[in-house]
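Asker: I need the structure of the sequence given here:
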Amino acid sequence: METQNKTIYDILFKQKNIFLDIAMILCSIVFIAVMANIRINLWPVPITMQTFGAFTIAFFFGSRKGFLSFLAYMLAGVVGFSVFAGWKSGMAVMMGPTVGYLVGMLVAAFFVGMMIEKGYGRTKKSVLLVMVVGNLIIYSLGLIGLKMFLGEVGLVGLLMAGLIPFLIGDFLKILGAMYLFPFLWKGSEKIAN
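Answerer: Here you go, the predicted structure:
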């Protein structure tokens, strides 16, 4: 496998083992939890940096470990660690209005990571593509979950509750990623050489 198609994790850590993987996944749980709590409170879904955290993990690890890291984050929250937005935890979060977004981030972490493994995410243009694909996955599943939670709400009401308020923030996150992620690639390749 060429350096071009490796993940940042592969580039930085040539000698990996299960202990390093576990340590990095634990760091990912903390990172996503912090990102989830950089937020603006809205109802029913707050604006957070959690999606950016999920994308960062996928960019760093790739598909399988990115998926496992986000799954570990979700499980940590379910079993009682206060890692969700508002420092919440427990099954109540998984039964609430944000569950579709959490599942969407889990699925997006896998697909974004897969795109990274195929060589995307190194240039501003390809970061834009990866982020748009990831956001489409998150919003698709997020809106389905929100519809199930809200029940009888029209399409406009659903979009006003679960999409429209987030567009400006997501635009800014995508812009930030377009500048940050190519820089991280170049930096990690310099460190590795």
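Asker: centroid residue for the protein?
Answerer: For the chain, A54 is the residue whose C-alpha lies nearest the centre (CA atoms, centre = their mean; 1.6 Å).
Asker: check contacts around that one.
Answerer: Shown in contact with A54 (CB atoms under 8 Å, 6 or more residues apart in numbering): I32, G66, F70, M105, L106, A108, A109, V112, G134, I138. Where C-beta positions appear, they are placed from N, C-alpha and C, glycine not excepted.
Asker: can you give me the strands for this structure?
Answerer: Assigned by DSSP state E, the strands in the chain fall at 39-40, 47-48.
Asker: Could you dump those strands into JSON lines and include mean neighbour count, distance to V78 and mean pLDDT?
Answerer: JSON lines is the format used below for the strands of the chain (neighbours: other CB atoms under 10 Å; distance: least, CB to CB, whole Å; pLDDT from 0 to 100):
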{"stretch": "strand 39-40", "mean neighbour count": "12", "distance to V78": "20", "mean pLDDT": "87"}
{"stretch": "strand 47-48", "mean neighbour count": "20", "distance to V78": "18", "mean pLDDT": "88"}
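Asker: between the ones you listed, which one is nearest to L75?
Answerer: The closest of these to L75 is strand 47-48. By CB to CB, the value is 19.0 Å.
Asker: Pairing partners for that closest one, with directions?
Answerer: When pairs are called by DSSP bridges, strand 47-48 turns out to pair with strand 39-40 (antiparallel).
Asker: Residues contacting the strand it pairs with from elsewhere in the structure, which ones?
Answerer: Applying CB under 8 Å, 6+ apart, the external contacts of strand 39-40 come out as P46, I47, T48, M49, A85, G86.
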